[in-house]
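Colleague: Mind folding the following:
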Amino acid sequence: MSLSGTSERSVPATKIEITVSCRNLLDLDTFSKSDPMVVLYTQSRASQEWREFGRTEVIDNTLNPDFVRKFVLDYFFEEKQNLRFDVYNVDSKTNISKPKDFLGQAFLALGEVIGGQGSRVERPLTSNEDGTFTICHKTEVVKNTLNPVWQPFSIPVRALCNGDYDRTVKIDVYDWERDGSHDFIGEFTTSYRELSKAQNQFTVYEVLNPRKKCKKKKYVNSGTVTLLSFSVDSEFTFVDYIKGGTQLNFTVAIDFTASNGNPLQPTSLHYMSPYQLSAYAMALKAVGEIIQDYDSDKLFPAYGFGAKLPPEGRISHQFPLNNNDEDPNCAGIEGVLESYFQSLRTVQLYGPTYFAPVINQVARAAAKISDGSQYYVLLIITDGVISDMTQTKEAIVSASSLPMSIIIVGVGPAMFEAMEELDGDDVRVSSRGRYAERDIVQFVPFRDYVDRSGNQVLSMARLAKDVLAEIPEQLLSYMRTRDIQPRPPPPANPNPTPAPEQP
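Modeller: Below is the predicted model:
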């Protein structure tokens with residue numbers, strides 16, 4: 001099964017258009033091929049139940065369907081949006097609302113579609129064949145004429161060519177028949193780049209029928225199609241930048257000050273219970289599992305601050321959780337959690353609470369890359385009042401001109417007035433007479449997202465939704481102020497590894 005996503009901006013979310021194709025499906029019909037249909041299910045955040053979202057049309061007698069009907073979903077960067085695609089063979093003699101023959105299913109997160117290379121995601125049901133075409137538009141039928149004029153229509157560039165301006169765009173022309181057996185008249189090919197050259201002039205394309213061209217020596221064409229007008233309106237979205245290759249570099253900083261309590265005691269905010277995650281671990285896992293879909297190497301620098309380090313007891317405010325000063329990267333969110341748990345066993349919680357060192361550490365990395373190919377997100381999880389407020393404000397003001405965002409999650413019962421000040425939603429953060437160029441800080445108190453029934457999954461989903469909600473707009477604000485446009489997405493792998501044939 002292959003899926004491709006396109007987008008257009010809408011309030012309050014980005015709309016994602018999912019197109020589905022299948023290859024080499026199982027043949028369950030006796031005297032013909034299967035008649036496939038795909039049902040999309042989305043997962044409820046509250047109950048984790050799967051609910052039907054929509055269905056494609058049924059395509060008769062094929063094992064390689066390209067479905068025209070698309071699924072249009074609201075996309076939220078800050079949420080883990082799980083999708084399930086069930087594929088059925090629909091027997092025309094049975095009730096279509098209850099398809100009988102199950103051909104298989106595929107699971108994925110919507111973020112994987114957005115972050116996937118070439119706007120395509122493949123799952124083991126089938127393999128996607130190189131060189132195939134996806135239907136992206138059908139005109140209306142103009143009846144009883146040899147000189148039709150079709151109404152203007154709009155297609156997102158992502159749907160037309162996935163941002164590859166030289167990708168072949170094929171137009172097929174048919175003579176409509178009431179029974180659906182439309183007669184093929186001919187075809188022609190072009191590209192987005194070629195179409196865009198015709199913005200100020202008519203362009204005529206010859207419609208060719210390959211069969212007629214082979215059989216008839218004097219064959220010229222089967223008519224012509226004239227492009228009467230073509231215009232492009234640019235409105236870049238967060239998805240455009242991600243598809244263009246912008247990587248989110250995720251860095252974690254965890255508070256190891258003594259005010260968190262002894263990690264060996266159940267009253268500690270760092271307590272490692274065998275039955276449930278601590279608030280720190282939940283916050284890290286909730287945010288990290290969303291962001292990791294947008295980082296290709298899945299290597300995340302992770303730091304601690306406010307602890308005494310063995311063996312000499314040196315106080316550090318930016319020590320690597322994996323104890324490797326040369327390479328602080330951890331493999332995936334599970335690697336970060338593992339290093340965090342190991343640090344709790346080896347360091348001494350101390351203090352004070354300094355934010356500026358780790359903010360400046362990430363800012364130095366962000367300052368090296370300003371072309372829009374990288375965007376840095378720093379997650380700080382803390383329990384207390386900042387001890388270096390002046391330095392932290394100065395660090396934030398300096399970082400506001402860089403491709404960088406800061407998420408602060410406050411855990412525990414403390415009052416977090418200073419964090420609200422850093423958030424800058426109402427009043428922009430300032431330092432020494434300078435105001436932050438952009439709002440790059442989002443603060444939330446973890447206690448506001450704890451589910452009363454004790455459902456940790458729901459608590460994590462609520463937290464991730466709010467702390468990540470501002471990241472797309474913060475990224476866009478940086479790109480706009482620097483006049484950075486999305487890059488065309490890299491081409492899909494020209495030699496994909498074929499999936500094994502189904503028995």
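Colleague: can we go C-alpha only for contacts and neighbour counts from here?
Modeller: OK.
Colleague: Would you mind measuring from Glu312 to Leu321?
Modeller: According to Cα to Cα, to the nearest Å, Glu312 and Leu321 sit 17 Å apart.
Colleague: Counting neighbours, go ahead and name the busier of these two.
Modeller: For Glu312 versus Leu321, the count of surrounding residues by other Cα atoms under 10 Å is larger for Leu321: 28 against 7.
Colleague: you'd agree Glu289 is in a strand?
Modeller: No: Glu289 is assigned helix when assessed by DSSP: H, G, I helix; E, B strand; the rest coil, not a strand.
Colleague: That one and Gly335 touch, don't they?
Modeller: No: in this structure, Glu289 is not within contact of Gly335 by Cα atoms under 8 Å, at 11.9 Å.
Colleague: how about stretch 256-273: buried residues?
Modeller: Residues of stretch 256-273 classed as buried: 256-263, 268-272 (neighbour count, 16 or more other Cα atoms under 10 Å).
Colleague: I'd like those residues as JSON lines, with distance to Phe238 appended.
Modeller: Shown next, in JSON lines, are the buried residues of stretch 256-273 (distance: Cα to Cα, whole Å):
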{"residue": "Phe256", "distance to Phe238": "34"}
{"residue": "Thr257", "distance to Phe238": "36"}
{"residue": "Ala258", "distance to Phe238": "39"}
{"residue": "Ser259", "distance to Phe238": "39"}
{"residue": "Asn260", "distance to Phe238": "37"}
{"residue": "Gly261", "distance to Phe238": "40"}
{"residue": "Asn262", "distance to Phe238": "42"}
{"residue": "Pro263", "distance to Phe238": "40"}
{"residue": "Ser268", "distance to Phe238": "39"}
{"residue": "Leu269", "distance to Phe238": "35"}
{"residue": "His270", "distance to Phe238": "35"}
{"residue": "Tyr271", "distance to Phe238": "37"}
{"residue": "Met272", "distance to Phe238": "37"}
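Colleague: Looking at these, which one is closest to Lys212?
Modeller: Among the buried residues of stretch 256-273, Met272 lies closest to Lys212 (Cα to Cα), at 74.1 Å.
Colleague: ok, the closest one touching Ser278?
Modeller: Yes: using Cα under 8 Å, Met272 makes contact with Ser278 at a distance of 6.4 Å.
Colleague: Can you tell me what sits against stretch 426-438?
Modeller: Contacts to stretch 426-438, defined as Cα atoms under 8 Å, 6 or more residues apart in numbering, come from residues 390, 393-394, 396-398, 400-401, 421-423, 439, 474, 477-478.
Colleague: Give me the buried positions along that stretch.
Modeller: The neighbour-count check on stretch 426-438 (16+ other Cα under 10 Å) flags 428-431, 435-438 as buried.
Colleague: And these, which two are furthest apart?
Modeller: Ser431 and Arg438 (13.5 Å).
Colleague: Just name whatever secondary elements the longest helix along the chain is in contact with.
Modeller: In terms of residue count, the longest helix belonging to the chain (DSSP state H) is helix 332-346. Contacts defined by 3 or more Cα pairs under 8 Å, 6 or more residues apart in numbering; DSSP states H and E place helix 332-346 against helix 279-291, strand 299-305.
Colleague: hang on, the earlier thing: which one (most neighbours) among the contacts of stretch 426-438?
Modeller: The residue in the contacts of stretch 426-438 with the most neighbours, by other Cα under 10 Å, is Ile396 (30 neighbours).
Colleague: picking that back up, just the ones of the buried residues of stretch 426-438 in strands?
Modeller: 430-431, 435 (DSSP state E).
Colleague: Just put these in JSON lines and tack on pLDDT and distance to Glu79.
Modeller: Output for those, formatted as JSON lines (pLDDT from 0 to 100; distance: Cα to Cα, whole Å):
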{"residue": "Ser430", "pLDDT": "91", "distance to Glu79": "31"}
{"residue": "Ser431", "pLDDT": "93", "distance to Glu79": "33"}
{"residue": "Tyr435", "pLDDT": "92", "distance to Glu79": "31"}
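Colleague: Just the closest of the residues you listed to Val157, please.
Modeller: Using Cα to Cα, Tyr435 comes nearest to Val157 of those, at 37.5 Å.
Colleague: and the closest one, what are its bridge partners?
Modeller: Note on Tyr435: beta-bridge partners by DSSP bridges are Ser430.
Colleague: Now Lys215. Its backbone dihedrals?
Modeller: Backbone dihedrals for Lys215, given as degrees, to the nearest 10, come out at phi -90, psi -30.
Colleague: Could you check how far it is from Asn209?
Modeller: Using Cα to Cα, one obtains 10 Å as the distance from Lys215 to Asn209.
Colleague: Counting neighbours, go ahead and name the busier of those two.
Modeller: Taking neighbours as other Cα under 10 Å, Lys215 and Asn209 compare with Asn209 leading, 20 against 9.
Colleague: Check the gap between that one and Arg438 for me.
Modeller: 56 Å.
Colleague: Leaving out the residues flanking it, which one is nearest to Ser477?
Modeller: Excluding the flanking residues, the one nearest Ser477 by Cα to Cα, 6 or more residues apart in numbering is Arg438, at 7.5 Å.
Colleague: What segments of the chain are helices?
Modeller: Using DSSP H, the helices of the chain run over 110-115, 157-161, 192-196, 210-215, 238-243, 279-291, 332-346, 356-367, 389-399, 417-423, 456-468, 471-481.
Colleague: Dump those helices to TSV, plus mean pLDDT and distance to Ser229.
Modeller: What follows is the helices of the chain, written out as TSV (pLDDT from 0 to 100; distance: least, Cα to Cα, whole Å):
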stretch	mean pLDDT	distance to Ser229
helix 110-115	84	31
helix 157-161	73	16
helix 192-196	87	9
helix 210-215	88	27
helix 238-243	88	25
helix 279-291	90	41
helix 332-346	96	49
helix 356-367	97	43
helix 389-399	96	45
helix 417-423	85	47
helix 456-468	84	41
helix 471-481	92	29
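Colleague: mind listing the strands for the stretch 51-200 of the chain?
Modeller: 71-75, 82-89, 101-109, 120-122, 168-175, 183-191 (DSSP state E, counting those that start in this stretch).
Colleague: can these go into a markdown table with extra columns for distance to Glu52 and mean neighbour count?
Modeller: Formatted as a markdown table, these follow (distance: least, Cα to Cα, whole Å; neighbours: other Cα atoms under 10 Å):
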| stretch | distance to Glu52 | mean neighbour count |
| --- | --- | --- |
| strand 71-75 | 12 | 18 |
| strand 82-89 | 9 | 21 |
| strand 101-109 | 13 | 16 |
| strand 120-122 | 21 | 20 |
| strand 168-175 | 33 | 16 |
| strand 183-191 | 36 | 16 |
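Colleague: Including mean pLDDT, could the ones you listed go into TSV?
Modeller: Compiled in TSV, the strands of the stretch 51-200 of the chain are given as follows (pLDDT from 0 to 100):
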stretch	mean pLDDT
strand 71-75	90
strand 82-89	89
strand 101-109	82
strand 120-122	82
strand 168-175	92
strand 183-191	93
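Colleague: Which among those is found nearest to Leu26?
Modeller: That would be strand 101-109 among the strands of the stretch 51-200 of the chain, by Cα to Cα, at 6.5 Å.
Colleague: and the angle for that closest one with strand 82-89?
Modeller: Angle, strand 101-109 to strand 82-89, by axes from the mean of the first three to the mean of the last three Cα atoms, to 10 degrees: 160 degrees.
Colleague: what's the angle from strand 101-109 to helix 279-291?
Modeller: Going by the same axes, to 10 degrees, strand 101-109 makes 120 degrees with helix 279-291.
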